[in-house]
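Engineer: model the structure of this input:
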Amino acid sequence: MTSLWRAIRGRPPEEERAIATLDDYAQALQESLGYGSWSSLGMTQTQPGQAAERVPTDFPGYATLFATNPVIWACMSARQDVFSATRFLWQRLNKGRPSEMFGSSDLRLLEEPWVGGTTQDLLARVIQDADLAGNSYWARSEDGDLVRLRPDWVQIVLERREFRGGHMGYKRLGYLYSEPDGDPVPLLVDEVVHFAPKPDPMASFRGMSWLTPILRETANDNLMSRHKRSFMENAATPNLVVKFAREVQPDALEKFRAKADAAHKGASNAYKTMYLGGGADVSVVGRDFQQLDFSNTQGAGETRIAAAAGVPPIIVGLSEGLKAATYSNYGQARRRFADGTIHPLWQNVAGSFSRLVAPPGGGSGAVRLWYDARDVPFLREDRKDAAEIQGLQSRTIRALVDAGYEAESVKHAVMSEDWDLLTHTGLFSVQLQKPGGTGPPTEPIPPDEEA
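Structural biologist: Here you go, the predicted structure:
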C-alpha cells in the first residue's frame, strides 16, 4: 500500500474542457484513450517510471446517450436483462475438465452483495458500467458489503517493468479511487474486482466501451430522428418555396409569411389547402421520406449500432431484423446472442469476481467460481427440444445402469457430461454370466468336446 500511495502522490489536476456537442465528446474520448497525437501509449505520467492509466472521462456523456437514444437503450437493456439472469455456483474440475456444480455458504457475498441487494442487482450494475465505460470496478468495504466504484473516478496505477537494463511493459500496482468531494483512496490489486470484457488496444489493462466505435453512427441516428421531428413540425410536407413578384414590398411579404405560417405550419395544420393571391407562386423543393429511402437509411444505422453491441436486430425489434422475422430466424438469433455475446461475458465476470470469494477446499485448483445458466428463461430450449434431450439422457442412464454402473454415479456423469464420474459395481448383465453365477463369463466349450 505504501508503494501504491507513493506512486500516486503529486498527481497533477486534470485540465477541464468544454464539451457541448457529440463531436466534442468524440474528440475528448480519442484524447483520453490515447489515440490523439499527444501520447502514443495512452498513459498519463505521474512520476518518472510510473503511470496512471485512466478510463475515458466521458462517462456522463455515454450515460446521456443511454438515456436519450432508443436504439442504444434497447441494446443495453437486452444485454442487461439476459446477463443479470444467471447466478454464481462452484464448479468442480475433474482432471482439468469442467464437472458438476454446487453451492455453498461461501457464495453469500455474491448472493447478497449489499443489504437488500441480489446477484441480479449486482450483475445489472456490472454490465451497465462495462457497456458505458468499458470497465466495472468493485471493492469490499469494511462492513462486508460490495461497493461500486464509479468508472470515471478510478485510475489504474502502473509501474514500468525493468528488464535487461531497459523497460518492457507495465505492471499493475493498484487502483486509485477519487470522488470529487473526497480524498483519494488507494487500493491494492487483490482488493479490487476489475471487469473489462473488451480490452483497449492502446492500454495495458483498461477496457473499451462498445459505444466508442459508433459515436458518429449514434450522432447520425439522432439526426435522423431530429429530421423526422422537423418534418412533422413543419407542415409534414416537403419544403416549400413561395415566390412573389418584384412589386411586392418587404412589409407585405412579412405579413403574408406570418399569416401563412399561422395557418399552415405544424403537424396539426398538415394537408390543408393553401390559397394564394396574385403574384405568388409555390414550388416544392427537397424530398419526402419515400424519395429519401428514409426507413432503409435509418434502419441500416440502427443495425450497425446493434452489431457493435453484439445483439441481433431481431432480438431488440429493429426494423431490418423484423423484415426477416420468423420463428426459426429468431431461434438462430437467440443462439447467436447467447453463444457469441452473453456466455463470454459470463465467463469473464466469473473469473473477475473469483478473487473475492474463497473456494471450498482452500483453493487447490479443483474448484472454480462459475455461472449457472440452466434456469435463465431466455436460454431455455423449446419444449419439444427439451423433451428430446431428456429422452436421450434417460436412455443413456438406462443403458449405463444395465451395464453395471452405480445409479447415482450414472446420474452425476450424465448431468455433468463427465464420464470419469462413473463407478462400476463389478456386476455385469446376466447375459454375460452363467445362471446363478456372480463372476465374469467362462470360455465357451468347443462343440467337439460337448459329446
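Engineer: which helices and strands sit right next to the strand or helix carrying P186?
Structural biologist: Assessed by DSSP states H and E, P186 sits inside strand 185-188. Counting contacts by 3 or more Cβ pairs under 8 Å, 6 or more residues apart in numbering; DSSP states H and E, strand 185-188 packs against helix 2-8, strand 166-177. All C-beta spots, glycine's among them, are computed from the backbone N, C-alpha and C.
Engineer: which segments of the chain make up each domain?
Structural biologist: 1-232+291-380, 239-285, 383-450 (automatic domain parsing).
Engineer: low-confidence stretches in this structure?
Structural biologist: 1-57, 216-241, 243-248, 264-300, 320-328, 362-365, 381-384, 386, 429-451 (pLDDT under 70).
Engineer: strands along that one, start to end?
Structural biologist: 44-45, 50-54, 87-94, 97-102, 136-140, 146-149, 154-163, 166-177, 185-188, 192-195, 239-244, 280-285, 367-372 (DSSP state E).
Engineer: so what strands line up beside the last one?
Structural biologist: I take that to be strand 367-372. Strand 367-372 sits in its sheet next to strand 87-94 (antiparallel), going by DSSP bridges.
Engineer: residues making contact with the partner strand?
Structural biologist: For strand 87-94, contacts defined as Cβ atoms under 8 Å, 6 or more residues apart in numbering pick out 98-104, 106-107, 110-111, 119, 350, 353, 359-360, 365-372, 375, 418, 420-421.
Engineer: next: stretch 175-182.
Structural biologist: Contacts for stretch 175-182 (Cβ under 8 Å, 6+ apart): 4, 8, 11, 52, 137, 139, 149-150, 153-157, 184-189, 191-192, 194.
Engineer: leaving out chain neighbours, which residue sits closest to E162?
Structural biologist: Nearest residue to E162, sequence neighbours excluded (Cβ to Cβ, 6 or more residues apart in numbering): M168, at 7.8 Å.
Engineer: contact partners for P60?
Structural biologist: Here P60 is in contact with D152 (Cβ under 8 Å, 6+ apart).
Engineer: measure it to F66 for me?
Structural biologist: Using Cβ to Cβ, to the nearest Å, P60 is found at 11 Å from F66.
Engineer: could you do I342 as well?
Structural biologist: I342 is 19 Å from F66, by Cβ to Cβ.
Engineer: comparing those two, which residue is more hemmed in?
Structural biologist: Neighbour count, other Cβ atoms under 10 Å: between I342 and F66, I342 has more, with 24 against 17.
Engineer: is it true that the more buried one touches F83?
Structural biologist: Yes - with contact defined as Cβ atoms under 8 Å, I342 counts as touching F83 (6.0 Å).
Engineer: how about the contacts made by L122?
Structural biologist: So L122 contacts L110, P113, L146 (Cβ under 8 Å, 6+ apart).
Engineer: rerun that using 6 Å as the cut-off
Structural biologist: P113 (Cβ atoms under 6 Å, 6 or more residues apart in numbering).
Engineer: with Y137 instead?
Structural biologist: L149, V154, V192, H194.
Engineer: what's the nearest residue to the first one if we skip its chain neighbours?
Structural biologist: Looking back up the chat, that one is L149. Nearest one to L149, counting by Cβ to Cβ, 6+ apart, is Y137 at 3.8 Å.
Engineer: same thing with the second one?
Structural biologist: Once flanking residues are discounted, V154 sits nearest to Y137: 5.0 Å by Cβ to Cβ, 6+ apart.
Engineer: quickly note the distance from that neighbour to R206.
Structural biologist: 11 Å.
Engineer: repeat for I305
Structural biologist: Distance from I305 to R206, by Cβ to Cβ: 23 Å.
Engineer: quick one: the helices in the stretch 251-400 of the chain, in order.
Structural biologist: 289-292, 294-309, 313-316, 319-323, 327-337, 343-353, 383-402 (DSSP state H, counting those that start in this stretch).
Engineer: hey, which of those is tucked in deepest?
Structural biologist: helix 313-316 (a mean of 23; mean count of other Cβ atoms under 10 Å).
Engineer: which elements pack onto that one?
Structural biologist: The criterion is 3 or more Cβ pairs under 6 Å, 6 or more residues apart in numbering; DSSP states H and E, and the helices and strands that helix 313-316 contacts are helix 70-83, helix 319-323, helix 327-337.
Engineer: got CSV for these, with distance to A262 too?
Structural biologist: Listed next are the helices and strands packed on helix 313-316 as CSV, based on distance: least, Cβ to Cβ, whole Å:
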stretch, distance to A262
helix 70-83, 33
helix 319-323, 36
helix 327-337, 50
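Engineer: follow-up on the earlier one: would TSV of the strands of the chain with distance to A74 be doable?
Structural biologist: Putting the strands of the chain into TSV (distance: least, Cβ to Cβ, whole Å) gives the following:
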stretch	distance to A74
strand 44-45	35
strand 50-54	30
strand 87-94	25
strand 97-102	32
strand 136-140	21
strand 146-149	24
strand 154-163	28
strand 166-177	32
strand 185-188	35
strand 192-195	23
strand 239-244	32
strand 280-285	35
strand 367-372	24
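Engineer: tell me which of the ones you listed sits nearest to I72.
Structural biologist: strand 136-140 (17.8 Å; Cβ to Cβ).
Engineer: CA atoms of the closest one as CSV?
Structural biologist: C-alpha atoms of strand 136-140 as CSV (Å, rounded to 0.1, in the frame of the first residue of the first chain):
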residue,chain,number,x,y,z
SER,A,136,-16.6,-2.1,-14.0
TYR,A,137,-14.8,-1.8,-10.6
TRP,A,138,-15.9,-3.3,-7.2
ALA,A,139,-14.3,-3.4,-3.8
ARG,A,140,-15.3,-4.9,-0.5
